[in-house]
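# structure of the sequence below:
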Amino acid sequence: MSVMSHVPISLERRTHESHHDNMSVAHYFAFSLAIFILGGWCFVWFMHILALIYGKYRLHHPIPPPSPEDLQGVSIIKPLVGVDPNLYFNLESFFTTVYPSFELLFCLQDESDPALMVVKALMEKYPKVDAKIFIGVKYVGPNGKVNNMCKAYEAAKYDMIVISDSSILMKPDSLMDMMSFMKSDVGLVLQMPYCCTRKGFAAVYEKVYFGTFQSRNCLSANSVGINCSTGMSCLFRKDILEKSGGLAPLGKYLAEDYFISENIRKEGYRTVLCSQPAQQNSGQYSMGHFHQRLIRWSQLRISLLPHLILFEPLSECMLMGVIASWAAEYIFGISSMGFFLMHVLVWFLFDYTLLTCVENGPLPFSKFEFLVAWILREVLSIWMTIQSHKTSIVQWRHKKYRVLWGGTIEELV
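Below is the predicted model of the structure:
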């Protein structure tokens, strides 16, 4: 009787100990996860601070240009497809560039492109500017932009090459600013993407995106030497790129700009930002069109850097705020709602400060417009990330491509 009476007690004790062990494992796992999340949260804020400091240091602070005898000639390649209301003014800004020696190389796929008339009109208006037209593509891969540029790239008479999109509006001293940063150990100079002031909420939305999320990533990455290159406006050394085969081998990639930078970096040269952002001035823009661009860029980033599948969504304000507020409450007992609201408020203020830094002065729209555009971008960012995961097919310049791992593409007929 005595032995039997101890059996339930022993079983109860073992059950309690087993339950306690399970609770301990769950607690240690949750605690470790919370520590990891708060570590990531601190890292994201480090990126914020780094971007602000580097932006204040680099943007809109030109350095003395080289002496006139040290200035090299520059070949500016302009790939064109079609026209928009601002194309004439954008291209004219290159004809009025203030620089001792440069040539303009315009690339068109065929003579029926209406952009040809715009270029010819500007060449007649500025006959003293060294400008040439290249019609027809040289097929080197599915990337139509690379095919369009190959003839001009091969015919360029200067070793310094600028690739500039048709939507870029150039200031008279922008080329001089870019060349000022082309030191002996630098192989590529990048203009950080930004936007001109235009009418409508879609233009405000674009400015907020490029002046906050894009600028934060670009500035923080470049400050520590991470490749964050875009091909909207960049200057590079042709002889260095030629060591890896030149432009033609990049026709198999959609993000040829990223691989131009990678190939130059592999040769031991640095890529740097100049002081002036690239001013995008497309005459055709809308919220829907811009969202498609963002989804396409997200697909490209993921194909090049697969770890971004996890880390990019977690670096966004809202999702990071939700998981960090849980972690703070779990470890420190802080109110999760209070932590989340403070997180969003400080993030908002940091983004506003960074945008004014990129703009180099007061914003050309109201604080209310900024608030609405900022909230909309932050809320829709997760939706766009989901959209980018739904398919590997992207549409670009009226063509469809399948994006493969590593950044290569195949054209779909």
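# how far away is F350 from L371?
Counting by Cβ to Cβ, to the nearest Å, the gap from F350 to L371 is 14 Å. All C-beta atoms are positioned from the backbone trio N, CA, C, and that covers glycine.
# looking at these two, which one has more neighbours?
Neighbours per residue, other Cβ atoms under 10 Å: of F350 and L371, the larger number sits with F350, 18 against 13.
# secondary structure class of the more buried one, three-state.
Using DSSP: H, G, I helix; E, B strand; the rest coil, the structure places F350 in helix.
# in stretch 342-362, which residues are buried?
For stretch 342-362, burial by neighbour count (16 or more other Cβ atoms under 10 Å) applies to 343-344, 347-348, 350-352, 354-355, 357-359.
# then stretch 268-277?
Residues 269, 271-277 are the ones in stretch 268-277 that count as buried (16+ other Cβ under 10 Å).
# same question for stretch 397-404.
By neighbour count with 16+ other Cβ under 10 Å, stretch 397-404 contains the buried residues 401, 403.
# and the strands in the protein?
If you assign secondary structure with DSSP state E, the strands in the chain sit at 74-79, 102-108, 131-135, 160-164, 168-169, 186-190, 193-195, 233-237, 270-273, 278-280, 393-396, 399-403, 409-412.
# can you add distance to K183 and pLDDT and give the buried residues of stretch 342-362 back as TSV?
Converted to TSV, these look like this (distance: Cβ to Cβ, whole Å; pLDDT from 0 to 100):
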residue	distance to K183	pLDDT
H343	40	98
V344	41	98
W347	35	98
F348	37	98
F350	31	98
D351	32	98
Y352	33	98
L354	26	98
L355	29	98
C357	24	98
V358	24	98
E359	27	97
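# and those, which is closest to L250?
V358 (28.8 Å; Cβ to Cβ).
# count of neighbours near the residue nearest to that closest one when sequence neighbours are not counted?
Setting aside the residues directly before and after it, V358 is nearest to G211 in space (Cβ to Cβ, 6 or more residues apart in numbering), at 4.5 Å. Residues near G211, counting by other Cβ under 10 Å, number 26.
# please report how far G211 lies from F365.
Plainly put, G211 is 11 Å away from F365 if you go by Cβ to Cβ.
# could you give the mean pLDDT of stretch 387-394?
The pLDDT scores in stretch 387-394 average 86.
# can you check the distance spanned by it, start to finish?
Start-to-end span of stretch 387-394 (Cα to Cα, to the nearest Å) is 11 Å.
# in that stretch, which residues are buried?
Neighbour-count burial for stretch 387-394 [16+ other Cβ under 10 Å]: 387-388, 394.
# in terms of contact, does Y269 touch I240 like I think?
Yes - the criterion here is Cβ atoms under 8 Å, and Y269 meets it with I240 at 5.9 Å.
# any common contacting residues for those two?
Taking Cβ atoms under 8 Å, 6 or more residues apart in numbering as the contact rule, Y269 and I240 both touch G187.
# could you check the pLDDT of M23?
pLDDT for M23: 61.
# give me the number of neighbouring residues for the closest residue to C234 other than its chain neighbours.
Spatially, and ignoring its direct neighbours in sequence, C234 is nearest to L190 (5.0 Å; Cβ to Cβ, 6+ apart). Neighbourhood size, L190 [other Cβ under 10 Å]: 27.
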